[in-house]
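Participant: sequence and predicted structure are below.
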Amino acid sequence: MTPILPEWHDLIVNLIQFGTSPLPISLLEKIFRPIVIYLVLVFALRVFGKRILAQLNPFDLVVLLTLSNTVQNAIIGNDSSLSGGVIGAAALLTVNSVLVRIYYRGPMPEHRMKEDDLCLIKHYQLQEAALLKLRINIGELTALAHERGFDDIRDVETAALYPNGTIYMKGADKRDSAQISEILLEIKALREQVAALHR
């Protein structure tokens, strides 16, 4: 039978010992394990995994897919019972629900996490430092620009990587293009007027 409260020595040994532990897993440990793994993965993906979330190439996708298999046993330990799986799943869903509620619908704006988007292209200029930091090459960015409907990477005025892994791209504003066309037409008309005066 699964003990509800662990012997603290058993809990610590189960959590830090490599390999499968012969010690029993308590109910508290079954709740604690998924929460710790969840928090570690969220932190790691937010700090190191923006590129992985963007899935710019097959390597990033493979890492994302294998993460769940890598931490599976750390979440459930040596318990493969139905009740152990249900308890672990309930713990994951609960901590996710609480953190999502705090993060997205916190009562006060100052309680929400503040993050800056990483600018990859600014005013049509590649931000080499940001690209190097994320290890994004020009080929990957160009392929993404083509997916978004741009003929050339030089047509992208702004590109930013959001914390959730989405890369937003913006081209020249159509109103700006219309204004430029209007100015060019006015210049052409002025040239024609000046040419007519010199005749």
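Facilitator: Everything's here; your move.
Participant: so which bits of stretch 91-107 are buried?
Facilitator: Buried residues in stretch 91-107, counting neighbours by 16 or more other CB atoms under 10 Å, are found at 91-92, 95. Every residue, glycine included, has its C-beta placed from N, CA and C.
Participant: list just the nearest of those residues to A129.
Facilitator: Within these, proximity to A129 (CB to CB) peaks at V95, which comes in at 35.1 Å.
Participant: low-confidence stretches in the protein?
Facilitator: Low-confidence segments of the chain, defined by pLDDT under 70, are located at 1-24, 48-51, 53-57, 104-116, 172-180, 199.
Participant: now stretch 143-161: buried residues?
Facilitator: So for stretch 143-161, counting by 16+ other CB under 10 Å, buried means 144-145, 150, 153, 156-157, 159-161.
Participant: would you point out the most distant pair within those residues?
Facilitator: Set against one another by CB to CB, those have their most distant pair in F150 and L161, with a gap of 16.4 Å.
Participant: phi first, then psi, for E157.
Facilitator: Here the main-chain torsion angles of E157 (degrees, to the nearest 10) amount to phi -80, psi -40.
Participant: please save the CA atoms from stretch 129-145 in PDB.
Facilitator: Extracted C-alpha coordinates of stretch 129-145, given in PDB (Å, rounded to 0.1, in the frame of the first residue of the first chain):
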ATOM      1  CA  ALA A 129      23.600  39.600 -32.200                       C
ATOM      2  CA  ALA A 130      20.000  38.300 -31.600                       C
ATOM      3  CA  LEU A 131      20.400  35.800 -34.500                       C
ATOM      4  CA  LEU A 132      23.700  34.600 -33.100                       C
ATOM      5  CA  LYS A 133      22.300  34.300 -29.600                       C
ATOM      6  CA  LEU A 134      19.400  32.100 -30.800                       C
ATOM      7  CA  ARG A 135      21.600  30.300 -33.400                       C
ATOM      8  CA  ILE A 136      19.200  31.200 -36.200                       C
ATOM      9  CA  ASN A 137      20.900  31.400 -39.600                       C
ATOM     10  CA  ILE A 138      19.800  33.500 -42.600                       C
ATOM     11  CA  GLY A 139      18.600  30.400 -44.500                       C
ATOM     12  CA  GLU A 140      16.100  29.500 -41.700                       C
ATOM     13  CA  LEU A 141      14.900  33.100 -41.500                       C
ATOM     14  CA  THR A 142      14.500  33.400 -45.300                       C
ATOM     15  CA  ALA A 143      12.500  30.200 -45.400                       C
ATOM     16  CA  LEU A 144      10.200  31.500 -42.700                       C
ATOM     17  CA  ALA A 145       9.800  34.800 -44.600                       C
END
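Participant: with that, I have no additional questions.
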